[in-house]
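Chemist: This is the structure alone, sequence omitted:
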C-alpha cells in the first residue's frame, strides 16, 4: 500500500523521439506515450510557429494540445547558454504544472538521447525536483531513414560507426574518414558542405558519400555527395559514408 501511494505521488518526464520527419515513422510506443501524457511539450525556434517535432505529431495523431518551448539555435557557447536558460524555464513549468502522478512528454526529432534538447530539459528538471522520474522512448534517426533510401548496407561484420556533428569541420572528421573500416555519419554539416567534400576527396571517400536534406519532409532531397556540388545546403542535412569495402 505504501509503495502504491509513493508511485501515485511521483511525477514523470519522458523524452519521446518522433522520428526524422515522416509521420508514418512515429513508433507505436511514442504515439501511446504522447496520447496518455498530461502535458506535451515541443521545442521550437520561433514562438509563433510549430517546430518540426510538433508538426510530425499533429500529422500522425491529430490536433492535441502542445506547449511550445522556445530554444535559440545560435551556434557556439552563447547559443548553449541560451538553450540552458530556456531549459531551466521549461523545467520549472513542467514541475509546477504536473500534479502528483502526472506525466509529461517532451518531443524531439529523431532520438531523444542523441543530439537532442531533451538532455537539457531532463537535467534541469532533476536539478529542481530530483524526485521526478525520467525516461525516454527511442525514435528513428535521420541517418537511418537516409540509409534506407540509398539501399546501402551501412555496417557489417566488424565494421564500426562514427557519428559526428559538422558545425565545425576539424581533425575529428578527417580522422574518421581516414578509417576505411568505419561508416561515418555527419549531422548538421550543411553550411560546411564544401569543406566536407574536400575532406572526402582527400581521403578517397567521396565516391561512396550520400547526402540527405530535410529527410522525412515532402521537399526532402537524397543524392550522392558527388552530384550535390559544394553547397551550402540546409542546416538539417545528413551526410553518410559507408565503410570503404575493398
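Modeler: Cool, got the structure. Note that the structure is predicted; figures quoted are calculated from it, not measured.
Chemist: ok, the residue nearest to residue 10 when sequence neighbours are not counted - contacts?
Modeler: Counting by CB to CB, 6 or more residues apart in numbering, residue 133 is the residue found nearest to residue 10 once chain neighbours are left out, at 5.5 Å. To be clear about C-beta, it is placed using only N, CA and C from the backbone, and glycine gets the same treatment. Counting by CB atoms under 8 Å, 6 or more residues apart in numbering, residue 133 touches 10, 11, 12, 13.
Chemist: Can you give me the distance of residue 133 to residue 30?
Modeler: Computed with CB to CB, to the nearest Å, the distance linking residue 133 and residue 30 is 18 Å.
Chemist: Count the neighbours of residue 32 for me.
Modeler: Neighbourhood size, residue 32 [other CB atoms under 10 Å]: 12.
Chemist: which parts of the helix or strand containing it are buried?
Modeler: Assigned by DSSP states H and E, residue 32 falls within helix 28-36. For helix 28-36, burial by neighbour count (16 or more other CB atoms under 10 Å) applies to 30, 31, 33, 34.
Chemist: Quick one: distance of it to the chain centre.
Modeler: 18 Å (CA atoms, centre = their mean, to the nearest Å).
Chemist: helices or strands up against it?
Modeler: Judged by 3 or more CB pairs under 8 Å, 6 or more residues apart in numbering; DSSP states H and E, the packing partners of helix 28-36 are strand 12-17, strand 103-108, strand 133-137.
Chemist: rerun that using 10 Å as the cut-off
Modeler: In this structure, helix 28-36 packs against strand 12-17, helix 52-60, strand 103-108, strand 133-137, with contacts taken as 3 or more CB pairs under 10 Å, 6 or more residues apart in numbering; DSSP states H and E.
Chemist: Would you mind confirming that residue 44 is in contact with residue 68?
Modeler: Yes: at 4.7 Å, residue 44 counts as touching residue 68 under the criterion of CB atoms under 10 Å.
Chemist: so who does the closest residue to residue 146 other than its chain neighbours touch?
Modeler: Nearest residue to residue 146, sequence neighbours excluded (CB to CB, 6+ apart): residue 212, at 4.0 Å. By CB atoms under 10 Å, 6 or more residues apart in numbering, the residues touching residue 212 are 20, 142-143, 145-147, 149-150, 220-223, 233, 236-240.
Chemist: how about a cut-off of 8 Å?
Modeler: 142, 145, 146, 149, 220, 221, 222, 237, 238, 240.
Chemist: Toward the C-terminus, what is the element adjacent to the host helix or strand of it?
Modeler: Element membership for residue 212 (DSSP H and E) is strand 210-213. Note on strand 210-213: by DSSP H and E, the next helix or strand toward the C-terminus is strand 221-224.
Chemist: What is that following strand packed up against?
Modeler: helix 142-150, strand 210-213.
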